[in-house]
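1. any chance you can model this:
(one chain, ligands or ions: 1)
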Amino acid sequence: MTRASSQGLSFESVAAGYAAHRPSYPSALLDVVEELAGFSLAGARVADVGAGTGLGTRVLAERGARVVGVEPGQEMAARFRIGLPEVPLVLGDGNALPLGSSSLDLVTYAQSWHWTEPRRSVPEALRVLRPGGALALWWNDSDGGVPWVAGQDARLRRLFGGGDGAYDPEARFRRLPDELPFVRWQVRWSRSVSLDAHLANLATYSDFLVLGEEGTNRFLAEEREILAGVFPDGTVREEYVVSLAVAVR
Ligand SMILES: C[S@@+](CC[C@H](N)C(=O)[O-])C[C@H]1O[C@@H](n2cnc3c(N)ncnc32)[C@H](O)[C@@H]1O
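-> Numbering: from 1, shown residues only. Presented below is the predicted three-dimensional model:
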């Protein structure tokens with residue numbers, strides 16, 4: 001197992017927290033998926049790969065898509081089944097999709113494409129899509145252009161390392177496979193949650209899962225103090241940017 005694939009499966013240990021605290025996606029995202037794919041989601045045959053607890057799958061199903069979830073992690077899959085009992089889910093992996101050739105209108109990866117190996121996941125997505133079908137990849141990231149988020153990002157970098165410190169809103173787009181004709185789009189949005197819920201959400205990010213309980217608890221306690229100063233009423237305004245890339249086969 002590669003380092004990326006073992007870290008990709010680290011969500012297993014926090015499936016319940018993930019289902020409870022990670023944010024969903026703004027409805028504008030689904031409008032643009034339809035626009036860039038060139039067809040309506042209603043009735044479309046869709047596979048949501050790396051479906052996790054079903055956050056992306058749910059918004060696709062709400063648009064009337066005939067969606068199947070694909071997820072490699074047993075615990076994430078179990079949470080998916082609790083939350084979306086009426087939606088089919090298969091255990092599987094973006095590098096070897098358990099789906100028929102030319103069987104789908106749309107393949108989506110909601111915050112999961114980066115866990116795949118593109119030399120395998122690109123041909124797999126193209127195999128299962130019908131001609132004219134679309135591959136849609138999206139990520140929801142904290143908006144590092146907002147001062148308090150930039151401060152938290154700097155503290156996270158001190159803990160985990162990585163990056164030169166400059167916020168790059170295009171970072172997700174820089175790692176797209178060049179062989180596909182991706183069209184890119186972004187939207188900023190926010191949600192307000194309690195400080196407890198914000199910290200519980202933070203703890204579901206994969207770096208923390210690898211760091212372990214002691215280091216995570218220490219960081220979260222310090223973060224609680226800092227953010228109580230920024231948000232004295234105890235409500236944190238989380239600021240996000242969604243990055244979407246769609247390629248039509
Ligand atoms: C950040 S979560 C995203 C879950 C969900 N799509 C959402 O919108 O919340 C990443 C998911 O990718 C899954 N994953 C890890 N490696 C994968 C792979 N090679 N192919 C597909 N999914 C993978 C993980 O198990 C996890 O459920």
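2. C-alpha only now, for contacts and for neighbours.
-> Fine.
3. would you mark the buried spots in the lengthiest helix in the chain?
-> Taking residue count as the measure and DSSP state H as the definition, the longest helix of the chain comes out as helix 213-230. For helix 213-230, the buried set under the neighbour-count rule, 16 or more other Cα atoms under 10 Å, comprises 216, 219-220, 224, 227.
4. lowest confidence element among the helices and strands of this protein?
-> Confidence across the helices and strands of the chain bottoms out at helix 3-8, with a mean of 61, counting by mean pLDDT, DSSP states H and E.
5. got a list of contacts for the very next helix or strand once past that one?
-> Past helix 3-8, heading to the C-terminal end, the next element that is a helix or strand (DSSP states H and E) is helix 15-21. Under the criterion Cα atoms under 8 Å, 6 or more residues apart in numbering, residues 11, 53, 55, 75-76, 79, 197-198, 200-201, 204 lie in contact with helix 15-21.
6. try it again with 6 Å
-> With Cα atoms under 6 Å, 6 or more residues apart in numbering as the test, helix 15-21 has contacts from 53, 76, 201, 204.
7. the ligand next: which of these are close?
-> Taking Cα under 6 Å from any ligand atom, the overlap between the contacts of helix 15-21 and the neighbourhood of the ligand is M76.
8. can you add neighbour count and give the contacts of helix 15-21 back as a markdown table?
-> Rendered in a markdown table, the data for the contacts of helix 15-21 read as follows (neighbours: other Cα atoms under 10 Å):
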| residue | neighbour count |
| --- | --- |
| T53 | 27 |
| M76 | 24 |
| N201 | 18 |
| T204 | 21 |
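9. need the max-distance pair from the contacts of helix 15-21.
-> With Cα to Cα as the measure, no two of the contacts of helix 15-21 lie farther apart than M76 and N201, at 15.5 Å.
10. from the contacts of helix 15-21, which ones fall inside helices?
-> 76, 201.
11. with pLDDT added, can I get the contacts of helix 15-21 in a markdown table?
-> Shown next, in a markdown table, are the contacts of helix 15-21 (pLDDT from 0 to 100):
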| residue | pLDDT |
| --- | --- |
| T53 | 97 |
| M76 | 95 |
| N201 | 97 |
| T204 | 91 |
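12. of the contacts of helix 15-21, closest to V90?
-> The shortest distance between V90 and any of the contacts of helix 15-21, using Cα to Cα, involves M76 and amounts to 11.7 Å.
13. residues contacting that closest one?
-> 12, 15, 52-53.
14. if we use 8 Å, what do you get?
-> 11-12, 15, 52-53.
15. just L137 next, same as before
-> Applying Cα under 8 Å, 6+ apart as the definition, the contact partners of L137 turn out to be 108-111, 113, 244-246.
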